[in-house]
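[1] Mind looking at a prediction? Sequence and model below.
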Amino acid sequence: KIYRIAVIEGDGIGKEVVPAAIEVLDAAAELDGGFQFEWTYFPWGCDYYLEHGKMMPEDGIEILKGYDQIFLGAVGMPELVPDHISLWGLLIKIRRELKQAINVRPAKLLAGLESPLKNPQNFDITVVRENSEGEYSDSGGRMHQGADEIAIQNAVFTRKGTERAMRYAFELAKGSRGHVTSATKSNGLTYSMPFWDEVFEEVKQDYPDIDTAVNHIDALAAFFVMKPHQFDVIVASNLFGDILTDLGGAIMGSIGIAPAANLNIEREYPSMFEPVHGSAPDIAGKGIANPIGQIWTGKMMLDFLGHQEIGNKVLNAIEQTLANGVKTGDIGGSSTLEEVKNSILQHLE
Ligand code: NAI
Ligand code: MG
């Protein structure tokens with residue numbers, strides 16, 4: 001089986017971490033023996049913008065539809081291109097137009113890593129964030145001026161979108177430790193979150209073997225820091241999930257290791273796999289970026305393609321590398337990107 005993957009390295013350290021991750025993914029495919037990757041590179045991003053006045057060609061989305069999945073590094077050259085142009089012209093455009101309605105971000109305490117938490121027990125959380133609606137809607141407006149000015153931003157929750165995120169969370173929990181926590185705020189929000197709670201009650205009837213909990217988002221954020229080991233899968237709306245997943249990245253130790261996936265779970269269009277971090281202009285071109293976020297993101301792509309077994313081997317190789325003290329500067333080491341990649345490749349064998 002050959003998977004055709006569209007590769008967008010993007011800007012800054014994207015150009016360094018993506019090739020490293022591709023080497024690891026090719027090695028994983030070879031080790032497995034049952035599939036191969038065919039990578040097609042698209043030079044889209046801020047350099048492309050500086051030359052052509054847009055982040056990708058007009059038919060970029062149509063081109064991407066012809067691939068199995070998208071593997072992206074990071075975009076952004078804030079000194080030369082305003083961030084709202086680079087983000088909306090590429091990343092957000094792809095997420096929206098390819099209907100990647102589910103955002104998945106694991107937060108796990110990797111062996112050999114120090115969490116900034118005081119007494120971190122071994123946590124291993126997956127946050128499923130609704131990625132297409134909710135609080136991030138374009139419904140609303142502004143009116144009046146001066147002291148009477150008003151801004152209104154409506155949150156839009158559809159049954160389809162809400163159910164989709166929840167069912168995906170329950171399905172993930174089946175293959176995990178069998179627990180789903182719903183992030184709500186139905187004590188403060190009187191329409192959207194009671195609806196969210198109702199849908200959660202309905203969906204959970206279909207999964208009698210899965211245990212559940214319902215936490216208000218404020219308490220949940222506190223638990224995330226105080227006792228993250230009590231969570232397995234968490235399902236959250238767009239805004240709540242956005243905040244929780246950054247917190248998840250923080251308690252793992254560095255944004256440089258945090259992976260993410262934007263999924264079209266219907267598989268109507270390709271999904272997009274991109275790490276949480278940005279283009280890190282402050283360290284770009286120096287060969288010292290941490291490639292683990294991008295490599296772990298590659299593991300998520302392997303999982304989504306149905307190759308969990310080899311995906312787990314990739315994560316093991318990452319953990320062995322860290323446990324041996326082969327670490328980049330962001331997590332307290334002095335190794336280069338190349339050294340970290342080579343160590344992961346070695347442990348994969
Ligand atoms: P950033 O994530 O690029 O960097 C934040 C800090 O973390 C920097 O000190 C950086 O050196 C460090 N860092 C990030 N990734 C690292 C890695 N792999 N290894 C070691 N250190 C790492 O966020 P920042 O600086 O706010 O944004 C820079 C540019 O990236 C902006 O243009 C922004 O819009 C864009 N961005 C793009 C994202 C994406 O493509 N998904 C996500 C976040 C930001
Ligand atoms: Mg965020």
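    Yep, it's here. Ligands and ions are numbered 1, 2, ... in the order given.
[2] Okay, and Leu117 sits in which element?
    Counting by DSSP states H and E, no helix or strand carries Leu117.
[3] What strand or helix carries the residue nearest to it when sequence neighbours are not counted?
    Among residues not flanking Leu117 along the chain, Ile251 sits closest, at 5.5 Å (C-beta to C-beta, 6 or more residues apart in numbering). Bear in mind the C-beta positions are built from the backbone N, C-alpha and C, glycine included. For Ile251, the enclosing helix or strand under DSSP H and E is helix 238-252.
[4] wait, the residue nearest to Leu117 sits on Lys108?
    No: at 9.9 Å, Ile251 does not count as touching Lys108 under the criterion of C-beta atoms under 8 Å.
[5] any common contacting residues for these two?
    Overlap of the contact sets of Ile251 and Lys108 (by C-beta atoms under 8 Å, 6 or more residues apart in numbering) consists of Phe123.
[6] So between the two, which is more surrounded?
    Lys108 (21 against 18; other C-beta atoms under 10 Å).
[7] center of the chain - which residue?
    Geometric centre of the chain, nearest residue: Ala260, 1.7 Å, by C-alpha atoms, centre = their mean.
[8] how far away is that one from Gln153?
    Ala260 is 25 Å from Gln153, where distance means C-beta to C-beta, to the nearest Å.
[9] in the helix holding Ile251, what's buried?
    238-245, 247-252 (16 or more other C-beta atoms under 10 Å).
[10] Which secondary structure state does whichever residue of the stretch 201-349 of the chain sits closest to ligand 1 sit in?
    Nearest to ligand 1 in the stretch 201-349 of the chain, going by C-beta to the nearest ligand atom, is Gly278, at a distance of 2.4 Å. Following DSSP: H, G, I helix; E, B strand; the rest coil, Gly278 is assigned to coil.
[11] and it, what does it touch?
    Contacts of Gly278 (C-beta under 8 Å, 6+ apart): 12, 74-76.
[12] Quick check: which of those are also close to ligand 1?
    Restricting these to those within reach of ligand 1 (C-beta under 6 Å from any ligand atom) leaves 74-76.
[13] quick one: the residue nearest to Arg95 when sequence neighbours are not counted and Arg142, what's the gap?
    Among residues not flanking Arg95 along the chain, Asn262 sits closest, at 5.2 Å (C-beta to C-beta, 6+ apart). Asn262 is 30 Å from Arg142, where distance means C-beta to C-beta.
[14] Neighbour count for those two, which is higher?
    Between Asn262 and Arg142, Asn262 has the larger neighbour count (other C-beta under 10 Å), namely 25 against 10.
[15] Is ligand 2 within reach of the helix or strand harbouring the more buried one?
    If you go by DSSP H and E, Asn262 is part of strand 261-263. No: using C-beta under 5 Å from the ion, strand 261-263 stays clear of ligand 2, coming no nearer than 12.6 Å.
[16] can you pull the buried residues of the longest strand along the chain?
    Counting by DSSP state E, the longest strand found in the chain is strand 2-10. Residues 3, 5-10 are the ones in strand 2-10 that count as buried (16+ other C-beta under 10 Å).
[17] just stretch 142-157 next, same as before
    Quick answer for stretch 142-157 (16+ other C-beta under 10 Å): 155, 157.
[18] May I have that stretch exported as CSV, CA atoms only?
    Output in CSV follows, covering the C-alpha atoms of stretch 142-157 (Å, rounded to 0.1, in the frame of the first residue of the first chain):
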residue,chain,number,x,y,z
ARG,A,142,-20.7,45.5,16.9
MET,A,143,-23.1,48.4,17.5
HIS,A,144,-23.2,51.9,19.0
GLN,A,145,-20.1,53.8,19.9
GLY,A,146,-18.4,55.3,22.8
ALA,A,147,-19.7,54.5,26.3
ASP,A,148,-22.7,52.6,24.8
GLU,A,149,-20.6,50.3,22.5
ILE,A,150,-21.6,46.7,22.4
ALA,A,151,-19.9,43.6,20.9
ILE,A,152,-21.8,40.4,20.3
GLN,A,153,-20.3,37.1,19.4
ASN,A,154,-22.7,34.2,19.1
ALA,A,155,-21.6,30.6,19.7
VAL,A,156,-23.1,28.1,17.3
PHE,A,157,-23.5,24.5,18.3
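[19] State the mean pLDDT of that stretch.
    For stretch 142-157, the mean pLDDT works out to 96.
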